[in-house]
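> A predicted structure for the sequence below; I have some questions about it.
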Amino acid sequence: MGQYIVRRILWMFVALFAISVVTFLLMRLVPGGPFNTERGIPEAVRRNLEARYNLDAPLIQQYFDYMGGLVVPRVTPTDWRQSQSEHYLINIETPIFGEGTAFRWMNFGPSLNSPNRTVTSIIEDSLPISVQLGFAAILVALVIGIPVGTLAALRQNTFWDYSSMAIAVTGVSVPSIISAPLLKYIFAVNLKVLPPNGWGGIEYVILPAFALGFIESALIARLTRASLLQVLREDYIRTARSKGLPERVVIGWHALKNSMIPVVTVIGPLAAALLTGTFVVETIFGIPGLGRSFVASIGNRDYPLIMGTVMLYATFVVIGNLLVDLTYALLDPRIRYD
């Protein structure tokens, strides 16, 4: 398994490199620029701004300058002060390189549309909020989706099956742009039991987490039902029952465990999407997460912020897919990575 993990990590770097090149080129192909405004600015001012942020250099130089700051780590004194041009996401004091030194890595560069902020500071402020909301949404999706899918499979072609799948189809069919305002209107405006906007205690998490998680729970429920129905027809399930094992052991340990492989497959990219922010829900509930910053950066042509959020999302996706593949071996002992 060790060799498999090493190979996957190497391919992860190849994938991230390809994503960075494609994203960088697509940003520059889109008409407009970070300093274009409706009223316009003098040509001399625009040239000065481009020179300040190295936007007047050849594209290949801009790319390697940016990726160098992002990928290449740096060792500095612990009292070194970060600036707009150098603000690192990872800062670890370590005596390995000498007393009073710190290891710094991942400089996302300055924000072109927020002169007093860096992309790293925006990520530091907004990513933890998106991660908290994402974990809550994933928890809602699993807590609802797996039991509902299991119940539907065990009670196939009964009232429970039809009603469970009806709820699942409703969840898949109703996007968060509809469910989120509806939940907000019912529980925040009419009943006044939950806050309508903002971020703070757990009461602020419930509505947006349910708006996100219910949609994904519908997908998980359908996958769980379909996979469990297939597993229940396998020979080893009949063998386990013929040995006299309790039905809860047959279902909970033998059947449900192996039926989780399709569910785990979708959880990887699903978790990456939820943990890095969702623009619609964050906007509706006034949550200062990373999703809102990402969408705003596209409209403002904020190149470093676009690159930073895309690379962060891509890193979550490739790591999530690796963890999903490793989980396969835990769920099904027949899977080997030799």
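Done, it's in.
> where does the protein dip in pLDDT?
1, 37-40, 97, 275-277, 332-338 (pLDDT under 70).
> can you pull up the most central residue in it?
Among the residues of the chain, the one closest to the centroid is Ala272, at 2.4 Å (CA atoms, centre = their mean).
> so who does that residue touch?
Tyr313, Phe316, Val317, Gly320 (CB atoms under 8 Å, 6 or more residues apart in numbering). All C-beta atoms are positioned from the backbone trio N, CA, C, and that covers glycine.
> which stretches in this protein count as strands?
74-77, 88-93, 101-107 (DSSP state E).
> highest mean neighbour count out of these?
strand 101-107 (a mean of 19; mean count of other CB atoms under 10 Å).
> just to revisit the earlier point, which one of the strands of the chain lies nearest to Gly68?
Nearest of the strands of the chain to Gly68, taken as CB to CB: strand 101-107 at 9.0 Å.
> which residues sit against that closest one?
Residues contacting strand 101-107 (CB under 8 Å, 6+ apart): 69-70, 73-78, 80, 86-97, 120.
> strands paired with that strand, and their directions?
Here strand 101-107 has these sheet partners by DSSP bridges: strand 74-77 (antiparallel), strand 88-93 (antiparallel).
> helices of the stretch 1-150 of the chain, residue ranges please.
Using DSSP state H, counting those that start in this stretch, the helices of the stretch 1-150 of the chain run over 2-29, 43-52, 59-71, 119-154.
> tell me the most buried of those helices?
For the helices of the stretch 1-150 of the chain, average neighbour numbers computed from mean count of other CB under 10 Å are highest in helix 119-154, which has a mean of 21.
> tell me the angle it makes with strand 88-93.
Inter-element angle recorded for helix 119-154 and strand 88-93: 100 degrees (by axes from the mean of the first three to the mean of the last three CA atoms, to 10 degrees).
> ok, now which ones touch Pro34?
Contacts of Pro34 (CB under 8 Å, 6+ apart): Tyr53, Leu55, Leu112, Asn113, Asn300, Arg301, Asp302, Tyr303.
> thought Tyr63 was touching the second one, still the case?
Translated: Leu55. No - assessed by CB atoms under 8 Å, Leu55 is found out of contact with Tyr63, at 12.0 Å.
> and for Phe108, the neighbour number?
By other CB atoms under 10 Å, 24 other residues sit near Phe108.
> got phi/psi on it?
Main-chain torsions, Phe108, degrees, to the nearest 10: phi -90, psi 0.
> ok, it touching Ser121?
No - Phe108 is not in contact with Ser121 according to CB under 8 Å; the separation is 9.2 Å.
> hey, what's in contact with both of the two?
By CB under 8 Å, 6+ apart, the residues touching both Phe108 and Ser121 are His87.
> that older thread, distance to Val263 added to the strands paired with strand 101-107, as JSON lines?
Compiled in JSON lines, the strands paired with strand 101-107 are given as follows (distance: least, CB to CB, whole Å):
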{"stretch": "strand 74-77", "distance to Val263": "41"}
{"stretch": "strand 88-93", "distance to Val263": "32"}
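> run through the residues that contact Gln84.
Contacts for Gln84 (CB under 8 Å, 6+ apart) come out as Pro110, Pro115, Asn116, Arg117, Thr118.
> check contacts around the spatially closest residue to the fourth one that is not a sequence neighbour.
Leaving aside its chain neighbours, Arg117 sits nearest to Ser111 (5.1 Å; criterion: CB to CB, 6 or more residues apart in numbering). If you count contacts by CB under 8 Å, 6+ apart, Ser111 has them with Arg117, Thr118, Val119, Ile122, Asp302, Pro304, Leu305.
> distance of Ser111 from Gly299?
Distance of Ser111 to Gly299, given as CB to CB, to the nearest Å: 14 Å.
> what does Arg81 give?
In terms of CB to CB, Arg81 sits 32 Å off from Gly299.
> do the same with Val22
20 Å.
> wait, Glu282 sits on Arg292?
Yes - between Glu282 and Arg292 a contact is recorded at 4.9 Å, counting by CB under 8 Å.
> which one's more surrounded, the two?
In this view Glu282 and Arg292 are compared by other CB under 10 Å, and Glu282 has more residues nearby, 26 against 21.
> could you report the distance from the more buried one to Glu234?
Applying CB to CB to Glu282 and Glu234 gives a distance of 43 Å.
> can you check Pro115 too?
Applying CB to CB to Pro115 and Glu234 gives a distance of 62 Å.
> same question for Asp79.
From Asp79 to Glu234 the distance is 63 Å (CB to CB).
> please apply the same query to Leu194.
44 Å.
> with Val250 instead?
11 Å.
> could you check which of the two is surrounded by more residues?
Neighbour tally, Val250 and Glu234, criterion other CB under 10 Å: the higher count belongs to Val250, 19 against 14.
> so who does the more buried one touch?
Ile237, Ala240, Arg241.
> just the ones of those in helices?
Ile237, Ala240, Arg241 (DSSP state H).
> next up, phi/psi of the nearest residue to Val30 once chain neighbours are set aside, please.
Taking CB to CB, 6+ apart, and ignoring the residues beside it in sequence, Val30 has Arg301 as its nearest neighbour in space, at 7.3 Å. Taking degrees, to the nearest 10, you get phi 60, psi 40 for the backbone angles of Arg301.
> noted, bye for now.
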